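Q: next input, structure requested:
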Amino acid sequence: MAVIEMQKELGVLADGWWGGDSQRAYLAQGRQLDFNWAYLRRKLVNSFSQSQVDGFNRIMAACNRANLSPQHAAYILATVWHESATTMTPINEYGKGIKKRYGQWFKNSKGVIYGIRNGHILRPAYLKSDYPHLYFGRGDCQLTWLDNYIKLGLILGVDLTNNPDLALDPDISADILVTGSMQGLFTGKSIPHYITFGTFDEFVQARYVINGRDKRHLIAGYAKTIMTAMQFKDVKTNMLAA
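A: Here you go, the predicted structure:
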């Protein structure tokens, strides 16, 4: 099991449960997470394209910058694998949310055009004259709603409000995903709230961080596979897909 092997390398109790002692040793030794690509190919897809490899490496780099544990990084990567339709590249939501409230313009009785700021039942509005954009899903985590673009933009120091397509920038997209997931900025629920050791049931429940119950068992399975494929980075080796 990947966690046990990493614990052995760290010199901590190799019990397969990545807790506080494992995380502290991991950070103290300056290790970084990487993949066993042969295992990933065998379990996820017969052959990765170079863009998929680049995507995995890009998201893992963001996880390493944030010093995430293996189980947290695994769930974030599984989320991208699903949300990007396995492309591992930041994409626009299919149809640009045309059937969703965040993907449509509305007009009131006075002819004023407006959009919906967030998913609240009261449907708070913003004026198209103030923000001439629709805030449909963009990027690795399919960021939606004006209020989320404002919130993440302020935290990251990026003007996502006036330039929502910046959420498609690969590095910005990865930072949005990691920051939003770990701090619970998308739905009010965070990855640490649900995931302690990286069990299948924890991964199932963690879907609430992004999108309620949608495909939660499928994504949990991806997370278990990715977590099992984890290893520490060998800085002397640059592994690419075969």
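Q: what helices and strands are in contact with the longest helix seen in the chain?
A: Assignment by DSSP state H gives helix 50-65 as the longest helix of the chain. Secondary-structure packing of helix 50-65 (3 or more C-beta pairs under 8 Å, 6 or more residues apart in numbering; DSSP states H and E): strand 33-35, helix 70-83, helix 170-183. Placement of C-beta: from N, CA and C, glycine included.
Q: off-centre distance for the second one?
A: So the one you mean is helix 70-83. Here helix 70-83 is found 6 Å from its chain centre; the criterion is C-alpha atoms, centre = their mean, to the nearest Å.
Q: what's the angle from it to helix 170-183?
A: 120 degrees (axes from the mean of the first three to the mean of the last three C-alpha atoms, to 10 degrees).
Q: if we can go back for a sec, contact partners of the longest helix of the chain?
A: 32-35, 37, 40, 45, 48, 72-73, 76-77, 80, 84, 86-89, 140, 170-171, 174-175, 177-178, 233, 240-241 (C-beta atoms under 8 Å, 6 or more residues apart in numbering).
Q: buried residues, it. List them.
A: Neighbour-count burial for helix 50-65, counted by 16 or more other C-beta atoms under 10 Å, picks out Gln52, Val53, Asp54, Gly55, Phe56, Asn57, Arg58, Ile59, Met60, Ala62, Cys63, Asn64.
Q: chain center to that helix, what's the gap?
A: Centre to centre, stretch against its chain (C-alpha atoms, centre = their mean), the figure for helix 50-65 is 11 Å.
Q: hey, C-alpha coordinates of that helix in PDB?
A: In PDB, the C-alpha atoms belonging to helix 50-65 read as follows (Å, rounded to 0.1, in the frame of the first residue of the first chain):
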ATOM      1  CA  GLN A  50       0.900  14.200 -22.700                       C
ATOM      2  CA  SER A  51      -1.700  16.800 -21.800                       C
ATOM      3  CA  GLN A  52      -3.200  14.400 -19.200                       C
ATOM      4  CA  VAL A  53       0.300  13.900 -17.700                       C
ATOM      5  CA  ASP A  54       0.800  17.600 -17.600                       C
ATOM      6  CA  GLY A  55      -2.500  18.100 -15.900                       C
ATOM      7  CA  PHE A  56      -1.700  15.500 -13.200                       C
ATOM      8  CA  ASN A  57       1.600  17.200 -12.600                       C
ATOM      9  CA  ARG A  58       0.100  20.600 -12.600                       C
ATOM     10  CA  ILE A  59      -2.500  19.800 -10.000                       C
ATOM     11  CA  MET A  60       0.000  17.900  -7.900                       C
ATOM     12  CA  ALA A  61       2.400  20.900  -8.000                       C
ATOM     13  CA  ALA A  62      -0.400  23.000  -6.500                       C
ATOM     14  CA  CYS A  63      -1.100  20.400  -3.900                       C
ATOM     15  CA  ASN A  64       2.600  20.300  -3.000                       C
ATOM     16  CA  ARG A  65       2.700  24.100  -2.800                       C
END
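Q: pLDDT on that helix, on average?
A: What helix 50-65 shows for mean pLDDT is 96.
Q: what segments of this structure are helices?
A: So, for the chain - with DSSP H - the helices run 2-10, 20-28, 37-43, 50-65, 70-83, 146-156, 170-183, 191-194, 200-205, 216-228.
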